[in-house]
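Novice: Pasting the sequence and the predicted coordinates here, then a few questions.
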2 protein chains.
Amino acid sequence: MDARINVVTLGVRDLARSRRFYCEGLRFHASSAGNDDVVFIDAGGVVLALFSRKALAEDAGLTDDDDAAAHARHRFSGVTISQNVAAKADVDRVLAEAVAAGAKLLQSGHEAFWGGYTGYFADPDGFRWEVAYNPGEIGQSVLP
Amino acid sequence: MDARINVVTLGVRDLARSRRFYCEGLRFHASSAGNDDVVFIDAGGVVLALFSRKALAEDAGLTDDDDAAAHARHRFSGVTISQNVAAKADVDRVLAEAVAAGAKLLQSGHEAFWGGYTGYFADPDGFRWEVAYNPGEIGQSVLP
């Protein structure tokens, strides 16, 4: 098996709401390959897909035991998605843009113990996005 | 904000177990930029990071309300990671390799309603990986 991720799919509760957040709020460009049931976004080497959470669970052979009460407590999915940027100021700028698009700010930009500068926002379903400036090898290697 | 994902981080319960699964079982190559607390894997345009679930939750400003009972019921995180392959036979081959590495088979390869062929496995924390042959535009565009 190659070490290769091609698509990251977020199972969302309201596809119209998520499409508005990502494609209108954040101005991500939806591929014409999508349709009423799925949104595909080229996220620079990987495709970000938005799909009904219930349908995604069924796709994976599961019953979605979505728990609204746990969701309201901001239950942690166990996954974060990160975007690396070239400077500390870009972290603050991108977080502000996400908040303007309707994201919830979880942590504003701050110095991280690992030597960088980072902050977090949550999308409408509570999925965590990190925006990070990382002066280390890995952080620099992934910049566009 | 650019439409760009650089890192997908899985918050795992036992980093040593996950390192064995991904780096010995699946033979993914860990970057020398990692250390005892974090594993970085070049996953072809995006970095797959393995990090303590508890530490990742704290990183994102959360308390990890990890629920072992729900985990045992295979609670769905809401996120899937997909690898696209060039042929149906590759789906079956990759699924078999993952199972040989210790993954749990969730769905063996089967024809999908969207015209492709797909299957799912779960890593040691239950994170869902899809292996898919997709003859459509998006599927073909992400092949190496």
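Specialist: Perfect, I can see it now.
Novice: How is chain A divided into domains?
Specialist: Taking automatic domain parsing as the reference, chain A has its domains at A:1-66, A:78-144.
Novice: Turn those domains into TSV, columns for distance to chain B.
Specialist: C-beta here means a position set from N, CA and C on the backbone, and glycine is covered the same way. As requested, those are arranged in TSV below (distance: least, CB to the nearest CB, whole Å):
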stretch	distance to chain B
domain A:1-66	2
domain A:78-144	4
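Novice: Same list (these) but as a markdown table, adding mean neighbour count and mean pLDDT.
Specialist: Supplementary listing: the domains of chain A in a markdown table, determined by neighbours: other CB atoms under 10 Å in any protein chain shown; pLDDT from 0 to 100:
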| stretch | mean neighbour count | mean pLDDT |
| --- | --- | --- |
| domain A:1-66 | 18 | 86 |
| domain A:78-144 | 18 | 90 |
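Novice: closest one to residue B:115 among those?
Specialist: Within these, the stretch nearest residue B:115 is domain A:1-66; the backing value is 12.0 Å (CB to CB).
Novice: chain center to that closest one: distance?
Specialist: Here the centre of domain A:1-66 is set off from its chain's centre by 10 Å, with CA atoms, centre = their mean, to the nearest Å.
Novice: in chain A, which spans are strands?
Specialist: Secondary structure of chain A (DSSP state E): strands at A:7-12, A:38-42, A:47-52, A:79-84, A:104-111, A:117-122, A:128-133.
Novice: Put together JSON lines for the ones you listed, with distance to residue B:29 on each row.
Specialist: Compiled in JSON lines, those are given as follows (distance: least, CB to CB, whole Å):
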{"stretch": "strand A:7-12", "distance to residue B:29": "20"}
{"stretch": "strand A:38-42", "distance to residue B:29": "25"}
{"stretch": "strand A:47-52", "distance to residue B:29": "23"}
{"stretch": "strand A:79-84", "distance to residue B:29": "20"}
{"stretch": "strand A:104-111", "distance to residue B:29": "30"}
{"stretch": "strand A:117-122", "distance to residue B:29": "26"}
{"stretch": "strand A:128-133", "distance to residue B:29": "23"}
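Novice: Would you mind writing the CA trace of the longest helix along chain A as CSV?
Specialist: Longest helix of chain A, by residue count under DSSP state H: helix A:88-100. C-alpha atoms of helix A:88-100 as CSV (Å, rounded to 0.1, in the frame of the first residue of the first chain):
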residue,chain,number,x,y,z
LYS,A,88,2.9,34.4,11.9
ALA,A,89,0.8,37.3,10.6
ASP,A,90,-0.8,34.9,8.1
VAL,A,91,-2.1,32.7,10.9
ASP,A,92,-4.0,35.7,12.4
ARG,A,93,-5.2,36.8,8.9
VAL,A,94,-6.5,33.3,8.0
LEU,A,95,-8.2,32.8,11.4
ALA,A,96,-9.9,36.2,10.9
GLU,A,97,-11.1,35.2,7.4
ALA,A,98,-12.5,32.0,8.7
VAL,A,99,-14.4,33.7,11.5
ALA,A,100,-15.7,36.2,9.0
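Novice: Next, the angle from that helix to strand A:104-111.
Specialist: Inter-element angle recorded for helix A:88-100 and strand A:104-111: 170 degrees (by axes from the mean of the first three to the mean of the last three CA atoms, to 10 degrees).
Novice: what residues does helix A:88-100 touch?
Specialist: Contacts of helix A:88-100 with the rest of the structure, by CB atoms under 8 Å, 6 or more residues apart in numbering or on different chains, involve A:25-26, A:83, A:85, A:105, A:108-109, A:117-119, A:121, A:129, A:131-133, B:1.
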